[in-house]
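Undergrad: I would like the atomic coordinates for the input below:
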Amino acid sequence: MINTSAQTALKNSIYNFISFVLPIIVIVFITPIIISRWGVKEYGIYIFLNTITVFLGLLDLGISTATSKHIIEYKAKNQTDKLRDLIYSMNSIYLLMSILYFIICVSIGIIIQVMFLERVGVGNNYLLIFFILGLTTSCGSFFANYSNIFVTIQRYDVQTKISMSFMLLSNVSMLILVLLGYRIIPVLLMQLVLMVISSVIYVIIAKRVFPIMQFKYYWNKTELIKNYKFGISVAFNNLANSSLVHFDKLLIPVFLGNAQLTYYSVPGSIATKISSISSTFSSLLFPITVNLQSINDTDKIKRVYIRSIRLITILSSAISLSIIFLTDKILFYWLDANFVNQSSKVLILLVLTNFTLALFSPLSNLLTAMNKMKFLTTSSIVMAIINIISLFIFLPIYGINGAALSYLISVLFIFFMLHYSEKKYFHIKENIHLKLLTKIIITTIPFFIIVRFLLSPLITNMTKLIIAGPVSVIVFMILYKTFGFVEKEDWDEATTSVRKIFNKLSIK
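TA: Alright, predicted model coming up:
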């Protein structure tokens, strides 16, 4: 991946890796404890609340992405006046949005409390729940300019340190409250307190590393129109993507109840790590591509795309195949036998889905940076429609397996997107995927034998499972290298990066 500075790229990659690995470690340890204390139904309600929060985030109409794009452009061209007008105008927008979030959340709480209490679960004060949720989302929106700026200016070190610290605090505090016998409302209150504290810290550090960030409020019509012209396209794309990824979590409680949502979403949290690691590293491509696009360096953009797709495909294949071959072991030792019976097929289907989504992340980031939002949005809408139609067909018949199947069917459209984009936008003549697929299939044959007959029998408890997971991924990578499939430039950069990391550690 190309960057203006190899050292910056290396540092950002390390911090992105940390931001990927640390949440996995936390989730692995606390999820089974919380489910055992709350039960699958109560935990399903918690997942449902998080899903609503995701959809509430769509109300920003894409302005977060648009703001980041234009800040990068103005900063690169040293257009300080435009940069200042943009930031202060967005402060005004985020203030209005914070009020809107609170009103909507309270309204949802009233509706559920009055009309649908029996369906979503008796015993919870949903008006109070959504009041707290409204305060939390409002706080996040009000300070959004300050929390988003670190990624925009590629200070992933600061972003990761703050976000990971408060992610740990949030999860540890949740675990403590659950162990003390508390339910959802105290957990939400603690998350609200942590949101306020983290927001204050974002503000203090943002002003220090990017002094132009101030609590000033403008209403620059030109900048707002420009932001929303780009943002609306992003908003439609985000809406379609969120419908694709999260609509099933809204329907499952309606058709099957909150308990089935837990059996669907908890194994899904494993599968989503495949697309998450792709998204985490692919996010580096957005600012890089914006800069390359501003100087019209299409050849470098093409090389960035090819290399990112190649690396993401290899890594995602290693993780996906490891999960598939160890599905029953993962569910049994991480959760319990009920999850093996209820969720094995779900996990395999969602792994295949998230592998496909992992291939989509580099493409999505590059096309967004290149302002090809019409194609992205149209494609996302097509996938969302396929998913929604499939859900209403397969969910009532096959339950959560049907939901997972619907998701997989809808994302198959991504393969057309890859083919079309490579020809039209990146002008790639050769079929880069066929060569990769052949190498992966060849590697998979001995990999399956090793995992199935050597590694899997050794897994007899959770500790051995934790060790076996990363080991299986490493085994795949070693086999891939042993067969001579690793490109020379990838190997050279990987060894150089590792050397730099060890040199940096030895200096410290």
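
Undergrad: most centrally placed residue in this structure?
TA: For the chain, the residue sitting closest to the mean C-alpha position, by C-alpha atoms, centre = their mean, is residue 276 at 4.6 Å.

Undergrad: give me the helices and strands touching the strand or helix carrying that residue, please.
TA: Counting by DSSP states H and E, the element that carries residue 276 is helix 258-282. With contacts defined as 3 or more C-beta pairs under 8 Å, 6 or more residues apart in numbering; DSSP states H and E, helix 258-282 has these neighbours: helix 6-38, helix 40-56, helix 221-256, helix 298-325, helix 337-369, helix 400-411. All C-beta spots, glycine's among them, are computed from the backbone N, C-alpha and C.

Undergrad: show me what the longest one is packed against.
TA: Applying 3+ C-beta pairs under 8 Å, 6+ apart, we find helix 221-256 packed against helix 40-56, helix 63-76, helix 80-115, helix 117-120, helix 258-282, helix 373-398, helix 400-411.

Undergrad: so how far is that helix from its chain's centroid?
TA: In terms of C-alpha atoms, centre = their mean, to the nearest Å, the centre of helix 221-256 is found 14 Å from the chain centre.

Undergrad: avg pLDDT for it?
TA: Averaged across helix 221-256, pLDDT comes to 76.

Undergrad: angle of it against helix 373-398?
TA: Angle of helix 221-256 versus helix 373-398, following axes from the mean of the first three to the mean of the last three C-alpha atoms, to 10 degrees, is 10 degrees.

Undergrad: just to revisit the earlier point, what's the closest of the helices and strands packed on helix 258-282 to residue 168?
TA: Closest approach to residue 168 among the helices and strands packed on helix 258-282 (C-beta to C-beta): helix 6-38, 6.6 Å.

Undergrad: avg pLDDT for the closest one?
TA: Computed over helix 6-38, the average pLDDT equals 68.

Undergrad: try stretch 48-67
TA: For stretch 48-67, mean pLDDT is 77.

Undergrad: returning to what we had before: need the helices and strands packed on helix 258-282 in JSON lines (columns: distance to residue 180 and mean neighbour count).
TA: JSON lines is the format used below for the helices and strands packed on helix 258-282 (distance: least, C-beta to C-beta, whole Å; neighbours: other C-beta atoms under 10 Å):
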{"stretch": "helix 6-38", "distance to residue 180": "10", "mean neighbour count": "17"}
{"stretch": "helix 40-56", "distance to residue 180": "15", "mean neighbour count": "19"}
{"stretch": "helix 221-256", "distance to residue 180": "27", "mean neighbour count": "19"}
{"stretch": "helix 298-325", "distance to residue 180": "33", "mean neighbour count": "20"}
{"stretch": "helix 337-369", "distance to residue 180": "25", "mean neighbour count": "23"}
{"stretch": "helix 400-411", "distance to residue 180": "31", "mean neighbour count": "24"}
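
Undergrad: adding distance to residue 158, write those out as a markdown table.
TA: Listed next are those as a markdown table, based on distance: least, C-beta to C-beta, whole Å:
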| stretch | distance to residue 158 |
| --- | --- |
| helix 6-38 | 9 |
| helix 40-56 | 24 |
| helix 221-256 | 24 |
| helix 298-325 | 24 |
| helix 337-369 | 21 |
| helix 400-411 | 33 |
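
Undergrad: state the next helix or strand along the chain beyond the least confident helix or strand in the chain by mean pLDDT.
TA: Here the helix or strand of the chain ranked lowest by mean pLDDT, DSSP states H and E is helix 117-120, holding a mean of 47. Later in the chain than helix 117-120, the nearest helix or strand by DSSP H and E is helix 126-142.

Undergrad: quick check: buried residues in that following helix?
TA: 126, 129-142 (16 or more other C-beta atoms under 10 Å).

Undergrad: again, but for stretch 174-194
TA: In stretch 174-194, counting by 16+ other C-beta under 10 Å, buried: 174-175, 177-178, 182-184, 186-192, 194.

Undergrad: quick one: mean pLDDT for it?
TA: In the prediction, stretch 174-194 has an average pLDDT of 91.

Undergrad: ok, and what's touching that stretch?
TA: 30, 33-34, 37-38, 42, 45-46, 49, 124-125, 128-129, 132-133, 135-136, 139, 166, 169-170, 173 (C-beta atoms under 8 Å, 6 or more residues apart in numbering).

Undergrad: thinking again about what came up before, lowest pLDDT pick from the buried residues of helix 126-142?
TA: Pick the lowest pLDDT in the buried residues of helix 126-142 and you get residue 126, at 78.

Undergrad: right, and that residue touches residue 107 too?
TA: No: at 11.6 Å, residue 126 and residue 107 do not qualify as touching, with contact defined as C-beta atoms under 8 Å.

Undergrad: give me the distance between residue 201 and residue 161.
TA: 10 Å (C-beta to C-beta, to the nearest Å).

Undergrad: residue 332 against residue 338, yeah?
TA: No: assessed by C-beta under 8 Å, residue 332 is found out of contact with residue 338, at 9.8 Å.

Undergrad: how about the helices and strands packed on helix 221-256 in CSV, adding distance to residue 245?
TA: As requested, the helices and strands packed on helix 221-256 are exported to CSV (distance: least, C-beta to C-beta, whole Å):
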stretch, distance to residue 245
helix 40-56, 8
helix 63-76, 17
helix 80-115, 20
helix 117-120, 21
helix 258-282, 8
helix 373-398, 9
helix 400-411, 8
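
Undergrad: quick check: next helix or strand after the helix holding residue 276?
TA: Trace forward from helix 258-282 with DSSP H and E and the next one is helix 285-294.

Undergrad: now do that next one and helix 337-369, the angle between them.
TA: On the basis of the same axes, to 10 degrees, helix 285-294 is oriented at 10 degrees to helix 337-369.

Undergrad: so for helix 285-294, mean pLDDT?
TA: Rounded mean pLDDT across helix 285-294 is 72.

Undergrad: that helix packs against which elements?
TA: Looks like helix 285-294 contacts helix 63-76, helix 298-325, helix 337-369 (3+ C-beta pairs under 8 Å, 6+ apart).

Undergrad: out of those, nearest to residue 428?
TA: Across these, residue 428 has its closest neighbour in helix 298-325 (6.7 Å, C-beta to C-beta).
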